[in-house]
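# Sequence and predicted structure below; questions after.
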Amino acid sequence: MADIQSIQWFPGHMAKTRRKITEDLKLVDIVAEIVDARIPRSSANPVLRDIVKSKPKFVILNKSDMADPEETAKWTEYYKKQGETAITIDSKNGKGIPKFYSTIREMLKERIAAFERKGMTGRPIHVMILGIPNVGKSSLINRLIMGKGTGKAEVQDRPGITRQNKWFRAQKGFELLDTPGVLWPKFEDPKVGEMLAYTGAVKDEILDLHTLSCGLLELLMRLYPDAVNTRYKTEIHPQDGLQGHEILEQIGRKRGMLISGGEIDLERAAINVLDEFRSCKLGRITLEKVT
C-alpha cells in the first residue's frame with residue numbers, strides 16, 4: 001500500500017491517451033478542461049495545459065454542488081484575473097449547463113461568424129472534453145447529449161473508466177469528444193497526490209486508507225472543524241492539536257465501530273470517513289483555497 005506522500009499513478013493507457021489527445025486537437029474548435037471544484041489546483045493537469053497550447057480553452061469547475069460556494073466564487077474570480085474563463089457546473093443535476101453553451105459561443109463568436117460568411121451556417125461546434133479521472137467528464141457529457149441512440153458515456157464512481165476517445169452529439173449544434181482521464185507521470189508536489197486521493201481521483205486499491213483518512217481529518221479539522229463535529233457528534237477543537245489517528249479513534253468510538261475486546265475498528269472507521277466526505281455528507285467543502 002502506498003504512503004500518501006509518494007502517490008504516483010500513471011497507468012499505461014494514459015501515455016497512449018496523451019498522444020491521442022495531441023493528434024485529435026486539430027479536430028476540435030475549443031477545449032473544455034474539467035476540474036474538481038473541491039480541489040481546483042490539484043485537479044488541473046499541467047501536462048494537458050502544455051498539450052492544448054494555443055487552442056481556445058476554458059475551465060469547468062464541476063461538482064460545484066459539493067464545494068464551498070464562497071470558495072468556488074473566489075476560484076472563479078481567480079481564473080478571471082489569470083485571463084482564463086471559468087464556469088461552475090453541477091453535472092449531476094444539470095445546474096449551470098446553459099453556461100456551457102453560451103460561454104463557448106461567446107469565446108468562438110469570431111470563428112462562428114467566419115463560418116457563416118463562408119456559407120457554413122449550422123456547422124457543428126466541436127468541443128474536446130478533458131480532465132483527470134473522476135472529475136465528472138462522463139456525467140457532464142450525459143447531461144449534454146441529446147436524443148436516443150447517441151450512446152451514453154460510461155459513468156462509475158471510480159477513476160480510470162473511459163478508455164478511448166468517443167464522439168457524442170449534444171444539443172444546440174455541439175459535438176463532444178470525450179477523452180479518458182489523464183493523470184501526469186509524477187506529482188512534483190506530494191500535496192497534489194494527497195488531494196487527488198482524498199477526492200477519489202486515485203484508486204483506493206493502491207493507498208493506505210487508514211493513513212489517508214487520518215490526513216483528511218487533520219485537514220478538515222483545520223478548515224471545517226464544525227463539519228466534523230456536527231457529523232460525528234464529537235467535541236474536538238483545532239487548538240486541541242489532535243493528530244489524525246486520535247480524531248479517527250474518537251469517530252470510531254462514537255459510531256460504535258468496535259471489534260472483539262472493545263477495540264476500535266480503525267479500518268472500518270477510515271473507510272467510513274472517506275466515503276462520507278466523498279458523498280458530501282460532511283457538507284459542502286473545498287480543500288484548496290485561493291492563495
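Now that the structure is in, tell me what you want to look at. This one's a predicted model, so the numbers in the text were calculated from it and none came from an experiment. Numbering: from 1, shown residues only.
# For the longest helix belonging to the chain, give me every contacting residue.
Ranked by number of residues, the top helix in the chain under DSSP state H is helix 209-223. Residues from elsewhere that reach helix 209-223, judged by CB atoms under 8 Å, 6 or more residues apart in numbering: 3-4, 194, 197-198, 227-228, 236, 238, 242-245, 247-248, 251, 266-267, 269-271, 273-274, 277, 282, 285, 287, 289. The way it works is simple: take the backbone N, C-alpha and C, and place the C-beta from them, glycine included.
# Could I have the buried ones of the residues you listed as PyMOL selection syntax?
To isolate in PyMOL the members of those that are buried, counting by 16 or more other CB atoms under 10 Å, one can use:
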select buried, resi 4+194+197+198+227+228+236+242+244+247+248+251+266+269+270+271+273+274+277+282+285+287
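# quick one: the helices in the stretch 151-291 of the chain?
In the stretch 151-291 of the chain, the helices defined using DSSP state H, counting those that start in this stretch lie at 190-199, 209-223, 225-232, 244-254, 266-278.
# Make CSV out of the ones you listed and add distance to A86 and mean pLDDT.
Formatted as CSV, these follow (distance: least, CB to CB, whole Å; pLDDT from 0 to 100):
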stretch, distance to A86, mean pLDDT
helix 190-199, 18, 88
helix 209-223, 22, 95
helix 225-232, 25, 97
helix 244-254, 32, 96
helix 266-278, 23, 96
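# Distance to Q171 added to those, as TSV?
Listed next are the helices of the stretch 151-291 of the chain as TSV, based on distance: least, CB to CB, whole Å:
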stretch	distance to Q171
helix 190-199	29
helix 209-223	38
helix 225-232	37
helix 244-254	45
helix 266-278	30
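# For the stretch 101-250 of the chain, give me the ranges with low pLDDT.
For the stretch 101-250 of the chain, the stretches with pLDDT under 70 are 146-165, 181-187, 205-206.
# Return the set of buried residues in the helix or strand hosting D50.
Assigned by DSSP states H and E, D50 belongs to helix 46-52. Within helix 46-52, the residues scored as buried using 16+ other CB under 10 Å are L48, I51, V52.
# ok, I104 touching I125?
Yes. Proximity of I104 to I125 meets the contact threshold set by CB atoms under 8 Å, at 6.3 Å.
# now R111: how far from E194?
40 Å (CB to CB, to the nearest Å).
# pLDDT-wise, what's the bottom of the buried residues of helix 46-52?
The member of these with the lowest pLDDT is L48, at 75.
# how close does A86 get to E276?
28 Å.
# any idea of the mean pLDDT in the helix or strand following the helix holding D50?
The C-terminal neighbour of helix 46-52 among helices and strands, as given by DSSP H and E, is strand 57-62. Throughout strand 57-62, pLDDT has a mean value of 96.
# What about T291, how many residues nearby?
5 (other CB atoms under 10 Å).
# List the contacts of the closest residue to P69 other than its chain neighbours.
Closest residue to P69 apart from its sequence neighbours, by CB to CB, 6 or more residues apart in numbering: R284 at 6.6 Å. If you count contacts by CB under 8 Å, 6+ apart, R284 has them with D65, M66, A67, D68, P69.
# Sounds good, over and out.
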